[in-house]
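A.B. asks: Fold the following and give me the result.
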Amino acid sequence: IHTWKKKLHAIHAKYQNFEGDVTPLLPWGGDIPPQAQRFFSPYALWTRLGDNDAIKTVETVVWDAFKEYVDLYFELMIAVQEDIDSGLLDAASNNIKEGADNRTWDGQNEYLEYRRLNDPARPMLQRLYGNDWAERVIGDVLFPEILTT
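C.D. replies: Here you go, the predicted structure:
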């Protein structure tokens, strides 16, 4: 795990290191609300692009960052599969039962509930499309309730 964390830290630092002398490649997106911080990794890139070069930044810097994160994810998944194949790691069951103790499942549901209640796009969607449409999209499309089996 330590190696993966170092690689993740290196990617993050490349794009949003605010502690050194080098200007980060992506600007800070502002503070994440305290009640939402538990849903985000400290290695998540959090930015807001408001300048005239936003499209170019997405096509270059954001795209490069995305590829680096995905490459690391694939590298990790290959290593996990190798550990499963060699017997060093047991694959977790994907059978989720209601009431089962599963922190990942519970965390995902808590995040979806938080977003359903606090989606920052809600006012814009309501102005553009009306309250009923906005609530249906937020609750049924963007952040639907996950049903247990």
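A.B. asks: Give me the below-cutoff pLDDT ranges for the protein.
C.D. replies: Low-confidence regions of the chain, defined by pLDDT under 70, span residues 1, 92-101, 147-149.
A.B. asks: all helices for it, in order.
C.D. replies: Under the criterion DSSP state H, the chain carries helices at the ranges 2-16, 54-57, 63-85, 103-118, 122-129, 131-136.
A.B. asks: Ok, which of those comes nearest residue 143?
C.D. replies: Go through these one by one with Cβ to Cβ and the one that ends up closest to residue 143 is helix 103-118, at 4.4 Å. Where you see a C-beta, it was placed from the backbone N, CA and C, and this is true even at glycine.
A.B. asks: Among the helices of the chain, which comes closest to residue 41?
C.D. replies: The minimum distance between residue 41 and the helices of the chain falls on helix 2-16, with 8.1 Å, by Cβ to Cβ.
A.B. asks: Could you export the helices of the chain as a markdown table, including distance to residue 33 and mean neighbour count?
C.D. replies: Putting the helices of the chain into a markdown table (distance: least, Cβ to Cβ, whole Å; neighbours: other Cβ atoms under 10 Å) gives the following:
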| stretch | distance to residue 33 | mean neighbour count |
| --- | --- | --- |
| helix 2-16 | 18 | 14 |
| helix 54-57 | 23 | 12 |
| helix 63-85 | 23 | 13 |
| helix 103-118 | 8 | 13 |
| helix 122-129 | 14 | 13 |
| helix 131-136 | 20 | 13 |
